[in-house]
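Chemist: below are the sequence and a predicted model; questions follow.
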Amino acid sequence: MNKTMTMAFLAFFIIITTSLFADDYPLYYESVTKDGYSLIIFHDSTAATYFNRFTRDKGSPWFFFDDHATWGNYPKTTTPSMWIKTKRFRFDFNMKKGTLVEIDKTRPRRTYFRIRNEIDVQ
């Protein structure tokens, strides 16, 4: 199995398993780069799942998964507008037209695009 198929399988597995336990319809955002894949799933007002897989400089893969992440909003007058806190990291984001833009200090770092839910298609 190549890297792309492995990442796609892992993403599919995480989406299926986390959607089984969510109370609300979850929102899915993903970021695909040449060296990695990230997936954020918002379950309800505070619960989230975070998955990150990328290739390090030496070519070895690195995985991080947290199914007990939390998220929240900053006041509407501030930038960034929201945050996600995992076991090891905290990320800040701006939401722009259905995308999440990760902010590192004051510059954009990575853009996450929304994946349509089954409920959106119906």
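Modeler: Yes, it's here. Just so you know, these numbers come straight off a predicted model, no measurement behind them.
Chemist: show me the shaky parts of the chain.
Modeler: Counting by pLDDT under 70, the low-confidence segments of the chain come to 1-25, 77-78, 106, 117-122.
Chemist: nearest residue to Ile115 other than its sequence neighbours?
Modeler: Counting by CB to CB, 6 or more residues apart in numbering, Tyr28 is the residue found nearest to Ile115 once chain neighbours are left out, at 4.0 Å. C-beta coordinates here come from the backbone N, C-alpha and C atoms, glycine included.
Chemist: tally up the residues packed near that neighbour, please.
Modeler: The tally of other residues near Tyr28 (other CB atoms under 10 Å) stands at 20.
Chemist: can I assume it is in contact with Arg114?
Modeler: Yes: with contact defined as CB atoms under 8 Å, Tyr28 counts as touching Arg114 (6.8 Å).
Chemist: count of neighbours near the closest residue to Pro61 other than its chain neighbours?
Modeler: Using CB to CB, 6+ apart and skipping residues adjacent in sequence, the residue nearest Pro61 is Thr55, 5.8 Å away. Residues near Thr55, counting by other CB under 10 Å, number 14.
Chemist: for the residue nearest to Thr86 when sequence neighbours are not counted, give the beta-bridge partners.
Modeler: Distance criterion CB to CB, 6+ apart; nearest residue to Thr86, sequence neighbours excluded, is Asp66 at 4.1 Å. Taking DSSP bridges as the rule, Asp66 bridges to Tyr50.
Chemist: who's in contact with Asp66?
Modeler: Neighbour list for Asp66: Thr49, Tyr50, Phe51, Thr86, Lys87, Arg88 [criterion: CB atoms under 8 Å, 6 or more residues apart in numbering].
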